[in-house]
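1. Here is the input, now give the coordinates:
(2 chains, ligands or ions: 2)
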Amino acid sequence: MNQPILELKGIHKSFPGVKALDNASLNVYPGKVMALMGENGAGKSTLMKVLTGIYSLDDGEIFYKNKQVKFTGPRHSQEAGIGIIHQELNLIPELTIAENIFLGREITNRFGAIKWSVMFDEAQALLDRLNVKHKPSQLLGELSLGEQQMVEIAKALSFKSEVIIMDEPTDALTDTETASLFTVINELRDEGYGIVYISHRLKEIFQICDDITVLRDGKFIAQRKVAETDEESLIELMVGRRLDEQYPRVESKHGTTCLEVKNLSAAGVEDVSFTLDHGEILGISGLMGAGRTELMKAIYGALKRHSGQLLVEGKAIDPRSPQEGLASGIAYISEDRKGDGLVLGLSVKENMSLCSLKYFSKGMQLDHRAESLAVEDFIHLFNIKTPSRNQIIGNLSGGNQQKVAIAKGLMTRPKILILDEPTRGVDVGAKKEIYQLINQFKEEGMSIILVSSEMPEVLGMSDRILVMHQGRISGEFMASDADQEKIMACAFGHNTKELSA
Amino acid sequence: MNNKVTSTGDSPKVGSVINKKWLIEQKSLIALIMLIVVVSFLNEYFFTVDNLLNILRQTSVIAILAAGMTLVILTAGIDLSVGSILALCGAFAASMISMEIPVLIAVPVSLLGGAALGSVAGMIIAKGKVQAFIATLVTMTLLRGVTMVYTDGRPISTGFTDVADVFAWFGTGYLFGIPVPVWLMIGVFSSIWYLLNHTRFGRYIYALGGNESATLLSGINVDRIKIGVYSICGLLSALAGIIITSRLSSAQPTAGMGYELDAIAAVVVGGTSLMGGKGRIMGTLIGALIIGVLNNALNLLDVSSYYQMIVKAVVILLAVLVDTKHK
Ligand SMILES: Nc1ncnc2c1ncn2[C@@H]1O[C@H](COP(=O)(O)OP(=O)(O)OP(=O)(O)O)[C@@H](O)[C@H]1O
Ligand SMILES: [Mg+2]
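-> Ligands and ions are numbered 1, 2, ... in the order given. Next comes the predicted model:
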């Protein structure tokens, strides 16, 4: 193997109550894509933040181009040629795409005036390269989450980098967006860039990466060549044990109808009707922007309905706010943790109980004991890695934040649980834990709507699958007759309404 | 799966948590103590019971305003109208007292008046989606104008009746050797502390300030929280107005001018973030005391009022810098 361009050796980093990195190492080779893998909270993001100088390291050495280095902050590392795309988006919605890409290094003339046309042209070139169909002058806030992620990637490319780090870049991307990202990664590899690729999606690792480094509990576990490993042994390296079947579907007797949606229309949703039984998992598939999230928010009451009817257990409901949605027994877990899912500045406990505080209070007064007990239960049930329930949730790893978000919905003991991309950023082991929990609640008669862009997840977990296309339902399948191709066909708008009971 | 990080149950009573939280809160407390020690050396009158009680009483008005302001700032809002509400409700109370309306009616009525005025601002902010700064800038100007019209620009005396004597107790009375305004301040801070830490409303205030859209999506009536905090802030402004009016036996139309900035300063020195979602009410009390001690000390040390402003500005800056350094 050739000489690494970047070497991290024996890195240690502790936070109060957490040993995030405990002898972690990583080599990055020019012209290769190095996958960095590990469970939620294994320390992947922290390692990258230590590298780029966002966190200071407690112990260890970093060599870049054979010289020992110590970066003082992202700006410093960026100037040295290390670009990073963080797991959480760091863009400003009120600015244009071009302004976001060149934030802090606007192209100016001698007098400090911004040369807009030059900046727009360069931004346009980057967007073209990534196949993003937007003008650089458009406001970032008008873009979907996935498109914003693409802008973040464009921004990293705009630096004259030699090493590019991508922390779960495809989390919010559609399949086509992912494909264009991979094209770009392949180009970069050919141009000799060293790339670090962090993802929980094994499929992508085998598709795009050359080598794999595995971290577990902050420790370096192994470095392998992709060509010489398979999924199973990789999972074993990450989790430290073997995992059996990934999608543990349980057959359960469906009960009576729980939710009925009739001719519902809202912004981005047109004339949608479906039913959902007690004890059923209904998968909702479709491309990003197909109106899935809008449909769910409309049912929950967070989005205004233009027309249509909702019935829960035969009774008409008319939720006009999330509050009324919750009161009707519907809980919705957002796909956007940072945006409207969690309050990142509050603790794990405060986030988890936020929707269900009325169960934990006597009159006006909060019952701290009852609240803590319930929260503690869920921390154990979901195996959430946190030093304590009072940890600020923003300090948890992405996957663990997601588990708290799901627990938050479950705490309200809803009749209908709507999960929007529930396993985004969640590691294989934890995914399975979440699936098992979903199944457990299903067996208890809860009705679950599972919105997911991950095909295997929808196919593996759902009893029935609806596919959406441009705000309408373009296909409905029983799990037994669904397959990837049929669903994709519907997602692209080939209407094949096919349902066999 | 991982046993390095175990989820340990810890209640606020466990030592380690108390230490850390305490240390952060104690930074402003340490600053306060240091200030007191230094001034005690510079002036022997400073550290006497009389003077300390005096400081507490002088601080109580700003502290009470700052308590309400803390709630508002925790929701990522701001209330510029506290000084105007103080003046208007003070004037209103004074004229009621001068008409010999019993204290037991006059005081609650002007308190409720303050709450109502605050809730109007809250409504404009919540329902009208107007930024808090603008909305309260409007009510600040408007209510000051109303006060001027109402008082005709002249002080309103509470008169020399028995009712006025009873009313004077709020500003000048003592209970167990401690001035009544100080008791009121203690009462206000205890209630707000309870509200923030032991009620749903308090939890929602933090959530709203931390992430409004997430709070909304969690099924919480965000508008009600907003209207609630501005109402409480208005009510406490009225209380401050009553204390001042009672102390002077008259309501000044210009009372409380500029107090909103002192109140905001106390909140910020106390470690509450203007971005919302982060802060403690006891920090605000300490912040108010720091400003109070400083005012008192500068007077005792015969520092000219021109320099006082400069010193105050520097201290506020230092306090805030120390605070952000730690984060
Ligand atoms: N600023 C912080 N303060 C306290 N603890 C932190 C902080 N940042 C990270 N941690 C902790 O360090 C550990 C490693 O977190 P990190 O974010 O690196 O995990 P990760 O491997 O990126 O996980 P994921 O796949 O879920 O994103 C976690 O236990 C996390 O809670
Ligand atoms: Mg991470």
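
2. Please make it C-alpha for all contacts and neighbour counts, starting now.
-> Noted.

3. Can I get stretch B:218-230 in PDB? Just the C-alpha atoms.
-> Provided in PDB are the C-alpha atoms of stretch B:218-230 (Å, rounded to 0.1, in the frame of the first residue of the first chain):
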ATOM      1  CA  SER B 218     -44.100  18.500  19.800                       C
ATOM      2  CA  GLY B 219     -47.700  19.600  20.300                       C
ATOM      3  CA  ILE B 220     -47.000  22.500  22.500                       C
ATOM      4  CA  ASN B 221     -49.100  25.700  22.300                       C
ATOM      5  CA  VAL B 222     -46.300  28.000  21.600                       C
ATOM      6  CA  ASP B 223     -48.500  31.100  21.300                       C
ATOM      7  CA  ARG B 224     -49.800  30.600  24.800                       C
ATOM      8  CA  ILE B 225     -46.200  30.300  26.200                       C
ATOM      9  CA  LYS B 226     -45.200  33.500  24.500                       C
ATOM     10  CA  ILE B 227     -48.300  35.400  25.700                       C
ATOM     11  CA  GLY B 228     -47.700  33.900  29.200                       C
ATOM     12  CA  VAL B 229     -44.200  35.100  29.600                       C
ATOM     13  CA  TYR B 230     -44.900  38.700  28.400                       C
END
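
4. where are the low-confidence patches of the chain?
-> Went with chain A since none was named. Across chain A, residues meeting the criterion (pLDDT under 70) sit at A:1, A:242-246, A:252, A:495-501.

5. I was after chain B.
-> Applying pLDDT under 70 to chain B flags residues B:1-25, B:323-327.

6. Contact partners for the residue nearest the centre of it?
-> Closest to where the C-alpha atoms of chain B average out (Cα atoms, centre = their mean) is B:Ala66, at 1.8 Å. Neighbouring residues of B:Ala66 by Cα atoms under 8 Å, 6 or more residues apart in numbering or on different chains: B:Ala263, B:Ile264, B:Ala266, B:Val267, B:Thr284, B:Leu285, B:Ala288.

7. now, among the residues you listed, which is nearest to chain A?
-> Distance to chain A, by Cα to the nearest Cα, is smallest for B:Val267 among the contacts of B:Ala66, at 18.7 Å.

8. which ones are touching that closest one?
-> Counting by Cα under 8 Å, 6+ apart, B:Val267 touches B:Ala66, B:Ala67, B:Met69, B:Thr70, B:Gly283, B:Thr284, B:Gly287, B:Ala288.

9. what does A:Gly146 give?
-> For A:Gly146, the contacting residues are A:Ala172, A:Leu173, A:Thr174, A:Glu177, by Cα under 8 Å, 6+ apart.

10. again, only this time at 7 Å
-> Counting by Cα atoms under 7 Å, 6 or more residues apart in numbering or on different chains, A:Gly146 touches A:Ala172, A:Leu173, A:Thr174.

11. Show me the two of the contacts of B:Ala66 that sit farthest apart.
-> Spanning the widest gap among the contacts of B:Ala66 are B:Ile264 and B:Leu285, at 11.9 Å by Cα to Cα.

12. quick revisit: looking at the contacts of B:Ala66, which one is closest to A:Glu99?
-> Distances from A:Glu99 to the contacts of B:Ala66, taken by Cα to Cα, are shortest for B:Ile264, at 33.7 Å.

13. how about the nearest residue to A:Leu127 once chain neighbours are set aside, phi and psi?
-> Counting by Cα to Cα, 6 or more residues apart in numbering or on different chains, A:Leu127 lies nearest to A:Ala154, which is 6.6 Å off, once chain neighbours are set aside. A:Ala154 adopts backbone torsions of phi -60, psi -40, taken as degrees, to the nearest 10.

14. So B:Glu260 belongs to a helix, correct?
-> Yes: per DSSP: H, G, I helix; E, B strand; the rest coil, B:Glu260 lies within a helix segment.

15. What's the separation between the residue nearest to A:Leu127 and chain B?
-> From A:Ala154 over to chain B the distance is 28 Å, taken as Cα to the nearest Cα, to the nearest Å.

16. quick one, what contacts A:Ser347?
-> Contacts for A:Ser347 (Cα under 7 Å, 6+ apart) come out as A:Arg389, A:Asn390, A:Gln391, A:Ile392, A:Ile393.

17. Give me the secondary structure label for B:Ser84.
-> With three-state DSSP as the basis, B:Ser84 sits in helix.

18. I'd say B:Glu260 and B:Gly83 touch.
-> Yes: using Cα atoms under 7 Å, B:Glu260 makes contact with B:Gly83 at a distance of 5.8 Å.

19. Any chance of CSV for the contacts of B:Val267, columns secondary structure?
-> Formatted as CSV, those follow (three-state DSSP):
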residue, secondary structure
B:Ala66, helix
B:Ala67, helix
B:Met69, helix
B:Thr70, helix
B:Gly283, helix
B:Thr284, helix
B:Gly287, helix
B:Ala288, helix
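
20. Can you lay out those as a markdown table showing distance to B:Phe46?
-> Formatted as a markdown table, those follow (distance: Cα to Cα, whole Å):
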| residue | distance to B:Phe46 |
| --- | --- |
| B:Ala66 | 24 |
| B:Ala67 | 26 |
| B:Met69 | 29 |
| B:Thr70 | 29 |
| B:Gly283 | 23 |
| B:Thr284 | 23 |
| B:Gly287 | 19 |
| B:Ala288 | 18 |
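
21. what's across from A:Glu7 in the sheet?
-> A:Glu7 has these beta-bridge partners by DSSP bridges: A:Asn27, A:Phe63.

22. what sits against A:Ala290?
-> For A:Ala290, the contact set (Cα under 7 Å, 6+ apart) comprises A:Met468, A:His469, A:Gln470, A:Gly471.

23. how about 10 Å then?
-> Going by Cα atoms under 10 Å, 6 or more residues apart in numbering or on different chains, A:Ala290 touches A:Gly268, A:Val269, A:Val467, A:Met468, A:His469, A:Gln470, A:Gly471, A:Arg472, A:Ile473, A:Ala491, A:Phe492, A:Gly493.

24. Grab the nearest non-local neighbour of the fifth one.
-> With Cα to Cα, 6+ apart as the criterion, A:His469 has its nearest non-adjacent residue at 4.9 Å, and that residue is A:Ala290.

25. Run a quick neighbour tally on the nearest residue to A:Leu346 once chain neighbours are set aside.
-> Excluding its sequence neighbours, the residue lying closest to A:Leu346 (Cα to Cα, 6+ apart) is A:Ile392, at 5.4 Å. Using other Cα atoms under 10 Å in any protein chain shown, A:Ile392 is surrounded by 18 other residues.
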